[in-house]
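**Student:** turn this into a structure:
(chains A and B, ligands or ions: 1)
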Amino acid sequence: MTLAAATELATATNEHLANISNTLIYSAMAVYTLAFFAYIAEWLLGSRSKVGRTAAALTADAKAKAQAKAQGKAPAVTVNQGGSTAVLERPQVVVRSAAGSRDVPDGPGAHGGDAQGDLYGRIAISLTVLAFLIELGGVVARAASVERAPWGNMYEFNITFSTVAVAVYLGLLALKKNVRWLGLFLITTVLLDLGLAVTVLYTASDQLVPALHSYWLYIHVSTAIFCGAVFYVGAVATILYLFKDSYENKIASGGTPGRFANSVLDRLPASASLDKFAYRVNAAVFPLWTFTIIAGAIWAGDAWGRYWGWDPKETWSFITWVAYACYLHARATAGWKGRKAAYLAMVAFGCWLFNYYGVNIFVSGKHSYAGV
Amino acid sequence: MSKTTPATPDASVGDQDLGAAGSQLSTAPTESLSVPALGVVGWARWFWRQLTSMRVALLLLLLVALGAIPGSLIPQSGTDATKVADFVKNNPTLGDVYDKLGLFHVYSSVWFSAIYILLFVSLVGCIVPRTWQFVGQLRSRPPGAPKRLTRLPAYTTWRTAAEPEQVREAALALLRKRRFRAHLAGDNVAGEKGYVREVGNLAFHIALIVLLTAFAWGQLFKSEGNKLVVEGDGFSNTLTQYDDFKSGNLFDTGDLVPLSFRLNKFTGTYETNGPNKGTPRLYQAAITYSEGAYGKGRKTLVKVNEPLEIGDAKVYLTAHGYAPLITVRDGKGNVVFRDAVALLPLDSNVTSTGVIKVLDGYQNAKGVSEQLGISAFFLPTYTKGSETASTFPALNNPVLNLTPYHGDLGVDSGIPQSVYQLDKSHVKDFKDAKGQELRENLKPGQTMKLPNGAGSVTYEGTKQWANFQVVQQPASGWALAGALTAIFGLAASLFIQRRRVWVRAVRGADGTTVVEMAGLGRSESAKLPEELGELAGVLYDQAPGVPDRDAAPDEPPDAQRPAQSPVADPALEPSTEPTTPDPQVVPAERPEK
Ligand code: HEM
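**Tutor:** Model prediction:
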């Protein structure tokens, strides 16, 4: 009797928490939407600037400059090193970019140097921070309501995933990395991801089946989510790299890109910077992704009696891993750098996506936690 | 370098004029597509060189990824043989093609094996020379400075009143203190750091070999058997005791780890309400086990994620079900059968079926020996209105439905028979009072009378059974060790930069010493100029700059450079200002992200 009452009470609390979580997720979506409009405003206002840096850097007189540079002169970009208050006076280090690489300055960012645009950009980031906190609250409330880590089904996976992706973005911003240009693209997909979560994938709070009761769940799934978020950031940078690279190529070969391309792409970082950023991001999480797969294998060894059994999920994790290894190899192989490597990176991320959505929904296997 | 033209020239080593200084910053094999020399040896060498090139490694990696795809989309006989059979039945022609291509067992097919064996060979063929090359690099010293340091990705210079020897000595001490491998090379000091990158990279690739070998070993010597054990019963690890058993090609029955155990109690708990009512929460089996042939009995719990490990063997709990305890009496009231009969679950609420077989000892009402076969259908939770399916997996209201048959069960015919199925070809049913086939629902403790004094069947109570999977997969430890090494090697290989720094100090035309410092990394990185700036800052303290007397800076002769200015941007031009430069670094890349 009392036990039943206690159970009922606990159930009621959990339902209450689940409702709070849902409300928070919807609120986060609302704030993300506001942030989305602020990012749009930033881009729109930024289009007023007519800097045309890329073009300037790649047109005739810039070529002359490049010529001069090739004779051993240094490029002209100078930046104060962090902490220039150092007492030491240091000799100046002159940097020479690799032979044959284009010397294109990074774009000014979405706001294009426009003060109002910059203001909207800042508002957008503040709203993103707010929405992130609300979403985080939603995820935590969800975890509390189910009394376990919030990744037992695809709904929970999705809300956690977008939270982590935004956290990665905000983390890079906090580290003073030049990633503001990511904002609009990221928030757009976060909204899509959350929309999908609350409509198609929604699953009422629910406990785990015994096979999911393991601390390896925490290790394996949390790193998987984190890797996915970082791979996603890398993929956005790669796509933008491909666009920006064609844009630069077009200008360098004397073509004139369309107005829209001019306005948008000119404000992005140089293709070389985007490429390097994408590489770093992907390379940095690759060891963690390796670890994720190994942790999964250890868990499978405990739960299913074998550490590797070519289950579809395992297979696709492996394919994703090999695809990223290809990408890393491609960067060390002459003739495969640049665009070809970027295509490989896209394929690799495609594999990751398929592993997440495709395998959960279309392929049946032992990883049947999709809850859809 | 490559004979093909790279899309973008190689970042750091692209400058031909860096010579030896720029080479060997990695142990990556050089690409060569040159036509082979004639003759078998020439071709063999060419083939080997192709196989161990990065380009082919890349292709093989891509092929492994591509080859793994069909296995995840087409049913595999290794994991789900019935699905394969269904597939073949529904798509006979396609099934035939798939079968010929080995697509129902991709991961053990000839072509998949061919790809990974080639990759394996490529890997070995790649690692061996790279290791030697790396050992050579470790034994030799970092190459001396290239002629024109200004050509390097990061460069700085100043003039000082200190003697060149002094500067070089200070530089050598500084570089060594910063753990560079440094030495004096004529007019300059050469230092190199970050060898751990190469060590990590080699460790990673070697670890992959260990991992792949351990995996293959595990597959070859693997064994995996299933045993269903009813509460109170035991199992000892010999081949004959298994219900089914699979093993790798090289497995030998002598390899079975000696162990035995007894199932004391199985516990399953389930969600009792809410939308997930009936979802399992906990499965655990309390067992008493002993290691070796005559080991001491020890108690433990085996749970879903927590197998029992004894030596190389792991005992997993993989399934459970119910085993009603049945007593059968003949017409005279003698007990002819008394056992818990394991039934197989049909659904998630553990609706179960099975057969009770009484093979010897039973005599019918006329005293003739016969066999009895009783079809059993069991609902652990019977609810009115749901006669054919249990409504909850736990034993809340168990009902056992029995349909008895008598005659010859056909078990002696020599054809293997499932204990869960009844061959009805030589048996007859019993008729109830109305002449209908006799079948009855029993609750625990109830007895069903067979007509005309043919005996009775009693449902005494319910035990549970658990299925245990005993797996032996040797070399898993090696696989794990390989995997962990791979991670650390990978991290070292990806996060550590290998780079060289040179400090040249020579007397300039005006009698002061010109110090030049330059750095070269394997790839362009912002870290390199920063590090160089820092080193230069320290060295600058020991060899402070002197004002420029004449505006034109003296530098070592450099034919290609205009003598006028070493720096393109007028803003950076040393002019009236003293040469004490700004504490500035011009990063390799654009402003950092
Ligand atoms: C079994 C599959 C393989 C995997 C998963 C793999 C993975 C990797 C990874 C992740 C890196 C780091 C890339 C970087 O430093 O940016 C790497 C580097 C490297 N791999 Fe592999 N690899 C494999 C097979 C091979 C083979 C067969 C070769 C032989 C040609 C090879 C040669 C190299 C070399 C030379 C490097 C260093 C590149 C450099 O120093 O620039 N790998 N590999």
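**Student:** contacts, neighbours, all on C-alpha from now
**Tutor:** Fine.
**Student:** helix or strand with the lowest mean pLDDT in chain A?
**Tutor:** strand A:79-80 (a mean of 34; mean pLDDT, DSSP states H and E).
**Student:** can you tell me the strand partners of the helix or strand following that strand and which way each runs?
**Tutor:** The C-terminal neighbour of strand A:79-80 among helices and strands, as given by DSSP states H and E, is strand A:94-95. Using DSSP bridges, strand A:94-95 pairs in its sheet with strand B:154-160 (antiparallel).
**Student:** do the very next helix or strand once past the strand it pairs with and chain A meet?
**Tutor:** Once strand B:154-160 ends, the next helix or strand along the chain (criterion: DSSP H and E) is helix B:164-177. No: on the criterion CA under 8 Å from any CA of the partner chain, helix B:164-177 is out of touch with chain A, staying 14.7 Å away.
**Student:** what is helix B:164-177 packed up against?
**Tutor:** Packing partners of helix B:164-177 (3 or more CA pairs under 8 Å, 6 or more residues apart in numbering or on different chains; DSSP states H and E): strand B:181-185, strand B:188-193, strand B:499-507, strand B:513-521, helix B:527-542.
**Student:** relative to helix B:164-177, how tilted is the first one?
**Tutor:** Per axes from the mean of the first three to the mean of the last three CA atoms, to 10 degrees, the angle that strand B:181-185 makes with helix B:164-177 is 160 degrees.
**Student:** work out the sheet partners of strand B:181-185 and label each with its direction, please.
**Tutor:** Here, using DSSP bridges, strand B:181-185 pairs with strand B:188-193 (antiparallel).
**Student:** what do you get for the third one?
**Tutor:** Each strand paired with strand B:499-507, and its direction, by DSSP bridges: strand B:188-193 (antiparallel), strand B:513-521 (antiparallel).
**Student:** those strands into JSON lines, with extra columns for mean neighbour count and mean pLDDT?
**Tutor:** JSON lines is the format used below for the strands paired with strand B:499-507 (neighbours: other CA atoms under 10 Å in any protein chain shown; pLDDT from 0 to 100):
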{"stretch": "strand B:188-193", "mean neighbour count": "26", "mean pLDDT": "93"}
{"stretch": "strand B:513-521", "mean neighbour count": "27", "mean pLDDT": "91"}
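**Student:** so where's chain A uncertain?
**Tutor:** Residue ranges of chain A with pLDDT under 70: A:1-13, A:49-90, A:97-103, A:204-213, A:363-372.
**Student:** tell me which residue is most central in it.
**Tutor:** Nearest residue to the geometric centre of chain A (CA atoms, centre = their mean): residue A:233, 2.0 Å.
**Student:** contact residues of the stretch 51-200 of chain B facing the ligand?
**Tutor:** B:52, B:53, B:54, B:57, B:61, B:119, B:122, B:123, B:126 (CA under 6 Å from any ligand atom).
**Student:** run the last query once more with 5 Å
**Tutor:** B:52, B:53, B:54, B:57, B:122, B:123, B:126 (CA under 5 Å from any ligand atom).
**Student:** could I get these as a markdown table with secondary structure, distance to residue A:14 and neighbour count?
**Tutor:** Converted to a markdown table, these look like this (DSSP: H, G, I helix; E, B strand; the rest coil; distance: CA to CA, whole Å; neighbours: other CA atoms under 10 Å in any protein chain shown):
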| residue | secondary structure | distance to residue A:14 | neighbour count |
| --- | --- | --- | --- |
| B:52 | coil | 59 | 23 |
| B:53 | coil | 59 | 22 |
| B:54 | helix | 55 | 23 |
| B:57 | helix | 53 | 24 |
| B:122 | helix | 56 | 21 |
| B:123 | helix | 54 | 20 |
| B:126 | helix | 57 | 23 |
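**Student:** lowest pLDDT pick from those?
**Tutor:** Lowest in pLDDT among these is residue B:52, which has 79.
**Student:** who's in contact with it?
**Tutor:** B:29, B:122, B:123, B:125, B:126 (CA atoms under 8 Å, 6 or more residues apart in numbering or on different chains).
**Student:** can you do 6 Å?
**Tutor:** Listed by CA atoms under 6 Å, 6 or more residues apart in numbering or on different chains, the contact partners of residue B:52 are B:122, B:125, B:126.
**Student:** cool, and residue A:151?
**Tutor:** residue A:157.
**Student:** name the SS class of it, please.
**Tutor:** The three-state label given to residue A:151 by DSSP: H, G, I helix; E, B strand; the rest coil is coil.
**Student:** where does it fall, phi/psi-wise?
**Tutor:** With angles defined as degrees, to the nearest 10, residue A:151 sits at phi -150, psi 60.
**Student:** on that earlier part again, tell me the helices and strands packed up against the helix or strand that contains the residue nearest to the centre of chain A.
**Tutor:** Taking DSSP H and E as the criterion, residue A:233 maps to helix A:215-252. Secondary-structure packing of helix A:215-252 (3 or more CA pairs under 6 Å, 6 or more residues apart in numbering or on different chains; DSSP states H and E): helix A:271-304.
**Student:** whichever helix or strand comes after the helix it packs on to helix A:215-252, inter-axis angle?
**Tutor:** Downstream of helix A:271-304, the next assigned helix or strand under DSSP H and E is helix A:312-330. Counting by the same axes, to 10 degrees, helix A:312-330 lies at 40 degrees to helix A:215-252.
**Student:** which residues does helix A:312-330 contact?
**Tutor:** Counting by CA under 6 Å, 6+ apart, residues outside helix A:312-330 touching it are A:336, A:341, A:344, A:345, A:348, A:351, A:352, A:355, B:58, B:65, B:72.
**Student:** likewise for stretch B:97-115?
**Tutor:** In contact with stretch B:97-115 (CA under 6 Å, 6+ apart) are residues B:71, B:76, B:77.
**Student:** go on, stretch A:240-256?
**Tutor:** Contacts for stretch A:240-256 (CA under 6 Å, 6+ apart): A:58, A:265, A:271, A:274, A:275.
**Student:** and the furthest pair within those residues?
**Tutor:** Greatest spatial distance among the contacts of stretch A:240-256 (CA to CA): A:58 and A:275, at 18.2 Å.
**Student:** OK, contacts around the residue in the stretch 251-400 of chain B positioned nearest to chain A?
**Tutor:** Minimum separation of the stretch 251-400 of chain B from chain A (CA to the nearest CA) falls at residue B:305, amounting to 4.4 Å. Residue B:305 is in contact with A:302, A:303, counting by CA under 6 Å, 6+ apart.
**Student:** what does the pLDDT read for it?
**Tutor:** So residue B:305 comes in at 78 (pLDDT).
**Student:** from the contacts of stretch B:97-115, which ones fall inside strands?
**Tutor:** In strands, judged by DSSP state E, none of the contacts of stretch B:97-115 are found.
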